[in-house]
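[1] Fold the following and give me the result.
(one chain, ligands or ions: 2)
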Amino acid sequence: MCSSLWDFAGREKDCLIFDQLFGQASCVVRCFPIELALSLLQVNRSRVEKMAFWDGYLSDESMGTIAPIVIYWVYAGFYQLLPSMDNYRLHTRREEDEKNPVHIAAVVRGVLLQQLLQAIAAQSLFLLTSNTSSMSGITAQPSIPIQIMQFIVAMLVMDTWQYFVHRYMHHNKFLYRHIHSQHHKLVVTYAIGALYNHPLEGLLLDTVGGAISFLVSGMSARTSVYFFCFATIKTIDDHCGLWLPGNIFHMFFKNNTAYHDVHHQFQGLKYNYSQPFFSIWDRILGTHMPYELVKRPEGGYEAKFIKPKDH
Ligand SMILES: [Zn+2]
Ligand SMILES: [Zn+2]
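    Ligands and ions are numbered 1, 2, ... in the order given. Have a look, this model is predicted:
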């Protein structure tokens, strides 16, 4: 019987077949071709158990709570520590000082408070929805194509939830004044302020939206770790305020840093509600504000609105 790493996740059966065929050959030599063939042919057993680097340290449920917070500070911190990027900014530094009424220290405190509340809420959700197999430490993952499908469904569900709740928070004066206006204090956005929200908004838009996406898509807690990290990175990127060459999100998403920058401007406040992935709902429901990126004489770019004719 095989006893190497290749045995993990029920591969003894493959090894036994090879035992009969190749007798004393080494286990790695015997089983490596199986691994290679399976990955090349993308033949997945109906349910494959794979190791993740946090196995043995954290449950998927805990990782799904902690990883997006860690990713937030690493990715936003990376943007914050970049040297002067005046040639790629969507607003000048002077505009940032003049238009943003809140200091970065208060923004950091606000984000930390929101993350604490979201962590408590997310952990509670995971505890409520975990089944016995995931609690016992055995993670049964569907095949990769199914996980990709679940990922896409979750993106669409999250976009739908966020569009309608976000739009309603702009149309209901009470909700805007007391809750959503906090996020709009950052007229000139920067990465660390991506999740600068009223705690209630964080819970309603992000935590509840994340929970619904998770439940509707049917993804496992393990897949949700990657999904929530991806959604966090995308949200940070949309608020980074920089139009850097080679940014992969700018290439693949129409809803990107410039698109969301339009929404943070006074004239764009009632447009471009869609977040964080696609612009589908804005286009369907007529809240899409077309814009063009023009170079500023003093350096950097500006998202200039092209008002739709029918508005
Ligand atoms: Zn808004
Ligand atoms: Zn925003």
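[2] longest helix of this structure?
    The residue-count maximum for a helix in the chain (DSSP state H) belongs to helix 144-171.
[3] what mean pLDDT does that helix have?
    Mean pLDDT, computed over helix 144-171, is 97.
[4] Tell me which other helices or strands that helix touches.
    On a contact count with 3 or more CB pairs under 8 Å, 6 or more residues apart in numbering; DSSP states H and E, helix 144-171 meets helix 173-178, helix 208-217, helix 221-238, helix 280-284. Every C-beta, even on glycine, is put in place using the N, C-alpha and C of the backbone.
[5] Identify each buried residue in that helix, please.
    Judged by neighbour count (16 or more other CB atoms under 10 Å), helix 144-171 contains these buried residues: 147, 150-151, 154-163, 165-167, 169-170.
[6] Over to stretch 66-76?
    Going by 16+ other CB under 10 Å, stretch 66-76 has these buried residues: I66, A67, P68, I69, I71, Y72, W73, Y75, A76.
[7] Kindly present these as CSV, with separate columns for distance to V111 and pLDDT.
    CSV is the format used below for the buried residues of stretch 66-76 (distance: CB to CB, whole Å; pLDDT from 0 to 100):
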residue, distance to V111, pLDDT
I66, 15, 94
A67, 16, 96
P68, 12, 95
I69, 10, 96
I71, 13, 98
Y72, 8, 98
W73, 9, 98
Y75, 13, 98
A76, 9, 98
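[8] Throw those residues into CSV and include distance to M51, thanks.
    Shown next, in CSV, are these (distance: CB to CB, whole Å):
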residue, distance to M51
I66, 18
A67, 16
P68, 21
I69, 23
I71, 20
Y72, 25
W73, 26
Y75, 25
A76, 29
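[9] In terms of distance to V208, which of the residues you listed ranks first?
    Nearest to V208 among those: P68, at 15.1 Å, using CB to CB.
[10] From P83, how far out is that closest one?
    As for P68, its distance to P83 is 27 Å (criterion: CB to CB, to the nearest Å).
[11] picking that back up, from the buried residues of stretch 66-76, which land in helices?
    Going by DSSP H, the helices hold I66, A67, P68, I69, I71, Y72, W73, Y75, A76 from the buried residues of stretch 66-76.
[12] Looking at those residues, which two lie furthest apart in space?
    I66 and A76 (15.9 Å).
[13] P142 is nearest to which of the helices and strands packed on helix 144-171?
    Closest approach to P142 among the helices and strands packed on helix 144-171 is made by helix 221-238 (8.1 Å; CB to CB).
[14] angle of that closest one against helix 144-171?
    With axes from the mean of the first three to the mean of the last three CA atoms, to 10 degrees applied, the angle from helix 221-238 to helix 144-171 works out at 50 degrees.
[15] Show me what helix 221-238 packs onto, helices and strands only.
    Against helix 221-238 (3+ CB pairs under 8 Å, 6+ apart) you get helix 60-80, helix 144-171, helix 208-217, helix 248-252, helix 257-264.
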